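> Structure for this input, please:
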Amino acid sequence: MIFQVEVHGVFATNSYFYIDDKTNSGFLIDPGAQAEKLLKIIAEKNFTIEKILLTHGHFDHIGAAAEIQQKLNIPICMQKNGKIYAENPAWNMSAAFSNEIILENVTYLDDYSEIVLSTNENFKLKIIPCAGHTTDGAIYYSEKDGVAFVGDTIFLGSYGRTDFYGGDEKILFENIKSKIFTLPDETFLLSGHTPPTTVQAEKINFSHFF
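Numbers count the residues shown, from 1 in each chain. Got it, this is the predicted structure:
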């Protein structure tokens, strides 16, 4: 089950619950704001969340992570280059847009490692590094379910800005081509700020970029 929730801070951001239907356990991806709203959903739906997964370290994707971590006593996980975003409010941009955010007790994941649900070893996501929007950009991919949670790496018909700390448009385009467009065409791409799309659709949409 994939349950999308739009949360509102400075910006509207898509947060996702990726839940195993057999156990009602799973992962929370990019809790950008409104911790109470997300915790209420967890309680109402009787979800067991094992890990918080971050696609990158910008404030509108990490804003509710610390409070939820504290309430549920679960790990926050992100790509191994995320430390400077987690610990530096200038890099995660919270210093410019909101109250300063610093994440502590973060688990930094090795590239291409698998995040496996403890209650069902067949329910898992692979973290694929995809820098460009940020240096720590990553996607979480399930081959079995044909879905990738892509954060701000790629949107419906567009891509994440590259004019913030750590951004690089050339690297972003290279990673979109080599990391996302090499996934099966039917793979659903779930982004941080737009409706879902697919690899096949974005190959067409991006044909004028490359």
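> Counting by contacts, list what the helix or strand bottoming out on mean pLDDT in the chain packs against.
Scoring the helices and strands of the chain by mean pLDDT, DSSP states H and E places helix 94-97 at the bottom, with a mean of 94. Packed against helix 94-97 by the contact rule (3 or more C-beta pairs under 8 Å, 6 or more residues apart in numbering; DSSP states H and E) you find helix 59-62. Heads up, the C-betas are built off the backbone N, CA and C, glycines and all.
> other SSEs contacting the helix or strand just after the helix it packs on?
Where DSSP states H and E defines the elements, the next helix or strand beyond helix 59-62 is helix 65-72. Applying 3+ C-beta pairs under 8 Å, 6+ apart, one finds that helix 65-72 contacts helix 35-44, strand 48-53, strand 76-79.
> Could you export the ones you listed as TSV, including distance to residue 88 and mean neighbour count?
Below are the helices and strands packed on helix 65-72 laid out as TSV (distance: least, C-beta to C-beta, whole Å; neighbours: other C-beta atoms under 10 Å):
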stretch	distance to residue 88	mean neighbour count
helix 35-44	21	15
strand 48-53	19	22
strand 76-79	14	25
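> Including distance to residue 197 and mean pLDDT, could those go into CSV?
Formatted as CSV, those follow (distance: least, C-beta to C-beta, whole Å; pLDDT from 0 to 100):
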stretch, distance to residue 197, mean pLDDT
helix 35-44, 24, 98
strand 48-53, 20, 98
strand 76-79, 22, 98
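> which one of these lies closest to residue 135?
Closest of the helices and strands packed on helix 65-72 to residue 135 is strand 76-79, at 8.7 Å (criterion: C-beta to C-beta).
> one step back: mind listing what's buried in the least confident helix or strand of the chain?
Going by neighbour count (16 or more other C-beta atoms under 10 Å), the buried part of helix 94-97 is 94, 97.
> Where does pLDDT dip in this protein?
210 (pLDDT under 70).
> Quickly find the element holding the residue nearest in space to the middle of the chain.
Central residue of the chain (C-alpha atoms, centre = their mean): residue 55, 2.9 Å from the mean position. Using DSSP H and E, residue 55 is not contained in any helix or strand.
> follow-up on the earlier one: strands paired with the helix or strand that the least confident helix or strand of the chain is followed by, and their directions?
The helix or strand immediately downstream of helix 94-97 is strand 106-109, counting by DSSP H and E. Each strand paired with strand 106-109, and its direction, by DSSP bridges: strand 76-79 (parallel).
> Fine by me, we can end here.
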